[in-house]
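A.B. asks: quick one: sequence and predicted model below, then my questions.
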Amino acid sequence: MPARRPAAPAPVPALAPAVPAPAPRERRVVLIGYDGAALLDIACPVEAFDAANVLGADPPYRVELASLGGRPVRCASGFTLAAHLALEDVTGRVDTLLVAGGHGHDEAAAIGPLLRQLRRLAPACRRVSSVCTGATVLAAAGLLDGRRATTHWAWAADLARNYPAVRVDPAPLYIRDGSVYTAAGVTSAIDLALAFVEEDHGADLARSVARGLVTYLQRPGNQAQVSLFLAAPPPEHPLVRRLAAHIAGNPAADLAPAALAAIAGVSTRHLTRLFAAQLGTTPARYVRSVRTETAGHWLTSTGLPLSAVARRSGFGSTETLRQAFVEYYGIAPSAYRRLHRAGSRTSPETVAPA
């Protein structure tokens, strides 16, 4: 699909003000909607900011939905939302500008007046952000050029192909690059909003908001968008499907490529070709991912010490486990356990020694 960015756009000014502004009486959040936007991309951050206000955010958030001409936003789900104001009428300092995603993102990215308004507003914003495929609209406005950004995993390849100046990373839940934030698909808008609340008001309020929303207390931005076990259906090739099941069921076994090839009765080279074709990765990387997610399960569902978690999930030592976790989740195993079990009053599970 050809790039939709208008030819020779005007230069985009720096996004961060040179001089810090005085403490605001309220934090103004302008959410940008358009026809075909996803309702959840708008509702998730709105509810998170509203919960923060109810729980005492000081200064509080003032959230406004803006659209071109102030027209109603017809969401992809069929619901219509009334805009608070016209995008053209937004003036003054905006704390956070947030562009929603949705099935209408390609059409929105081709609307010249919308892109011009984004370029006009960006320099007056402390933060510029997008949810899901809203990154396409930011990219079309030139606001992601030279930056690392994410989007919904299903549209990441399109974003990278159509906007080569953007360094697209499809894995994380959200990414901050300077004053520009991009979040992955749909409910990651809550993760992004919680990150904003923590940045603005501290971790205690962010945790209280998360508890009120009955969601994760905090998922690190580097956490993978989609679990390895949910990302795709089982491999079509029966041999690879059998090996994937063996790996998942026996993470502590010898799963070196040579051992897997022996189980499958093929050469290591042929095994590597099969994994590349069926799973898009090498046998070693696939095994490492399975072991890391297995370790994550043990960390959050049991009270096993890290050494036992490392043995049961197939890592030779706690240091190897730590390295894998930092690479995969962007966080150490002990911090991951605290993060995902915070607030739990359940006593640790007693498990027989590994």
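C.D. replies: It's in.

A.B. asks: find the residue at the geometric middle of this structure.
C.D. replies: Leu173 (1.4 Å; Cα atoms, centre = their mean).

A.B. asks: and the longest helix anywhere in the chain, which residues are buried?
C.D. replies: Using DSSP state H to define each element, the chain has its longest helix at helix 283-301. In terms of neighbour count (16 or more other Cβ atoms under 10 Å), helix 283-301 has its buried residues at 283, 286-296, 298-299. No exception for glycine: its C-beta is placed from N, CA and C like everyone else's.

A.B. asks: show me the contacts for the nearest residue to Ala295 once chain neighbours are set aside.
C.D. replies: Closest residue in space to Ala295, ignoring its immediate chain neighbours: Ser313 at 3.9 Å, by Cβ to Cβ, 6 or more residues apart in numbering. Contact partners of Ser313, counting by Cβ atoms under 8 Å, 6 or more residues apart in numbering, are Pro251, Ala252, Arg291, Thr292, Thr294, Ala295, Trp298, Leu321.

A.B. asks: just put those residues in CSV and tack on distance to Leu143 and pLDDT.
C.D. replies: CSV is the format used below for the contacts of Ser313 (distance: Cβ to Cβ, whole Å; pLDDT from 0 to 100):
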residue, distance to Leu143, pLDDT
Pro251, 42, 88
Ala252, 47, 90
Arg291, 38, 91
Thr292, 34, 88
Thr294, 39, 84
Ala295, 38, 87
Trp298, 41, 81
Leu321, 39, 93
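
A.B. asks: show me where the chain has its helices.
C.D. replies: Using DSSP H, helices in the chain cover 39-54, 105-109, 112-121, 134-140, 156-162, 188-201, 203-213, 238-249, 257-264, 268-279, 283-301, 306-312, 318-329, 333-341.

A.B. asks: then the third one to CSV, C-alphas only?
C.D. replies: Provided in CSV are the C-alpha atoms of helix 112-121 (Å, rounded to 0.1, in the frame of the first residue of the first chain):
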residue,chain,number,x,y,z
GLY,A,112,-4.8,17.0,5.2
PRO,A,113,-6.6,19.4,7.7
LEU,A,114,-6.4,16.8,10.4
LEU,A,115,-2.6,16.4,9.9
ARG,A,116,-2.1,20.2,9.8
GLN,A,117,-3.9,20.5,13.1
LEU,A,118,-1.7,17.8,14.7
ARG,A,119,1.4,19.6,13.5
ARG,A,120,0.0,22.9,14.8
LEU,A,121,-0.8,21.6,18.2
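
A.B. asks: which strands and helices sit next to that helix?
C.D. replies: strand 27-32, strand 94-99, helix 134-140 (3 or more Cβ pairs under 8 Å, 6 or more residues apart in numbering; DSSP states H and E).

A.B. asks: thinking again about what came up before, pull the most distant pair out of the contacts of Ser313.
C.D. replies: Farthest-apart pair in these is Ala252 and Thr292; separation 13.3 Å (Cβ to Cβ).

A.B. asks: and which of the buried residues of helix 283-301 is nearest Ala245?
C.D. replies: Using Cβ to Cβ, the shortest approach to Ala245 within these belongs to Val290, at 10.7 Å.

A.B. asks: can you tell me the closest non-neighbouring residue to the closest one?
C.D. replies: Per Cβ to Cβ, 6+ apart, closest to Val290 is Ile247, 5.2 Å.

A.B. asks: check Pro13 and give its pLDDT.
C.D. replies: On pLDDT, Pro13 comes in at 52.

A.B. asks: pLDDT of stretch 213-226, averaged?
C.D. replies: For stretch 213-226, mean pLDDT is 53.

A.B. asks: count of residues packed around Pro238?
C.D. replies: For Pro238, the count of nearby residues is 9 (other Cβ atoms under 10 Å).

A.B. asks: one more: the one 4 residues further on?
C.D. replies: Using other Cβ under 10 Å, the number of residues around Arg242 comes to 14.

A.B. asks: how close does it get to Gln117?
C.D. replies: 55 Å (Cβ to Cβ, to the nearest Å).

A.B. asks: ok, Asp89 next?
C.D. replies: Taking Cβ to Cβ, one finds Asp89 at 10 Å from Gln117.

A.B. asks: more neighbours: these two, which one.
C.D. replies: Legend: neighbour count by other Cβ under 10 Å for Asp89 and Gln117, higher for Gln117 (19 against 10).

A.B. asks: and that one, what is it in contact with?
C.D. replies: Going by Cβ under 8 Å, 6+ apart, the list of residues near Gln117 reads Leu68, Leu87, Glu88, Val90.

A.B. asks: just among these, which is most surrounded?
C.D. replies: Neighbour max across these (other Cβ under 10 Å) = Leu87, 23 neighbours.

A.B. asks: close enough to count as contact, it and Leu31?
C.D. replies: No. Here Leu87 does not reach Leu31: they are 10.5 Å apart, not a contact under Cβ atoms under 8 Å.
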